[in-house]
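[1] here you go, sequence then predicted model.
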Amino acid sequence: MHRKGTTPATLDLFADDSPQPLACEQIGPRSFVLRGFALPFIDRVLPSLASVLTRAPFRNMVTPGGRTMSVALSSCGQFGWTTDRSGYQYTRIDPQTGQPWPGMPEVFMELARSAADAAGFAGFVPDACLINRYIPGAKMSLHQDKDEQGYEWPVVSISLGIPAMFLFGGQLRSDATQRVPLFHGDVVVWGGEDRLRFHGVMPVKQAEHPQLGEQRINFTFRRAR
Ligand code: MD6
Ligand code: FE
């Protein structure tokens, strides 16, 4: 029994700084948004990212259709994703430096594996991490991730910096899309029957992030071979 005007002690169990359960939103049968999942890794991710970018700087690639992408790209891992007039492909060598892509930092691997595991894809060992940089106004048109050799592994996507509106469609380009806002530290995982769903990113709005400034960085981890 408790007195009027006081809070029952049991409510304090969930007060203030007690650990929150992982917020997980299901956006498809095998697709999930893990809110804030990357936050505990970020202090280790940012220096590793800086090191990767000194060895493989961001560049604006040209699509097979001849358009320069508004999103700047880099990669790390055994394979990097590139595009030019001849098509999209994974390569072992960065065509811009003539060197192998930087190795995948341990913390990147750990983050990708644990996110995949949390979404029901235990045992994921990515061999490619594509790094995308969006400045305000940059966008990614609806596309499928289908340059990999097989589709038995999911794609794990990490968002850092300013927010973006992610579009998650269906198996056909013409299918309706869901709008999923993505914030610093959010992770999207999709695979299985959802692996080839169309998706994209709406033009990123002007904003400033305290750690990353006026940009959004996205990592997408895949198994290319
Ligand atoms: C982005 N992401 O979020 C673009 N692809 O910046 C992708 O294209 C993507 O987030 C496959 C799976 C997750 C993704
Ligand atoms: Fe994609």
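    All right, it came through fine. Numbers count the residues shown, from 1 in each chain. Ligands and ions are numbered 1, 2, ... in the order given.
[2] for the helix-or-strand element of the chain with minimal mean pLDDT, give me every contacting residue.
    Sorted by mean pLDDT, DSSP states H and E, the helices and strands of the chain end with strand 80-84, the least confident at a mean of 91. The contact list for strand 80-84, computed with CB atoms under 8 Å, 6 or more residues apart in numbering, reads 56, 61-64, 69, 73-75, 88-92, 94-95, 101, 128, 130, 147, 224. The C-beta positions use only the backbone N, C-alpha and C, and glycine is treated the same way.
[3] what subset of these is buried?
    Buried positions within these, assessed by neighbour count (16 or more other CB atoms under 10 Å), are 56, 61, 69, 73-75, 90, 94, 101, 128, 130, 147, 224.
[4] what two of the residues you listed have the greatest distance between them?
    The distance between the two most remote of those (CB to CB) is 19.1 Å, for 69 and 224.
[5] grab the most central residue of this protein for me.
    Nearest to the mean C-alpha position of the chain, counting by CA atoms, centre = their mean, stands residue 157 at 2.2 Å.
[6] what does this protein put close to ligand 1?
    132, 140, 145, 155, 157, 166, 188, 199, 201, 218, 220 (CB under 6 Å from any ligand atom).
[7] which stretches of the chain form strands?
    Under the criterion DSSP state E, the chain carries strands at the ranges 24-28, 31-34, 72-76, 80-84, 87-91, 128-134, 140-143, 155-161, 164-168, 178-182, 187-190, 199-201, 216-222.
[8] could you dump those into CSV with distance to residue 122 added?
    Formatted as CSV, the strands of the chain follow (distance: least, CB to CB, whole Å):
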stretch, distance to residue 122
strand 24-28, 16
strand 31-34, 14
strand 72-76, 23
strand 80-84, 25
strand 87-91, 24
strand 128-134, 19
strand 140-143, 27
strand 155-161, 13
strand 164-168, 23
strand 178-182, 24
strand 187-190, 12
strand 199-201, 23
strand 216-222, 15
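[9] residue 105: which of the ones you listed is closest?
    strand 72-76 (7.1 Å).
[10] what's the angle from the closest one to strand 128-134?
    160 degrees (axes from the mean of the first three to the mean of the last three CA atoms, to 10 degrees).
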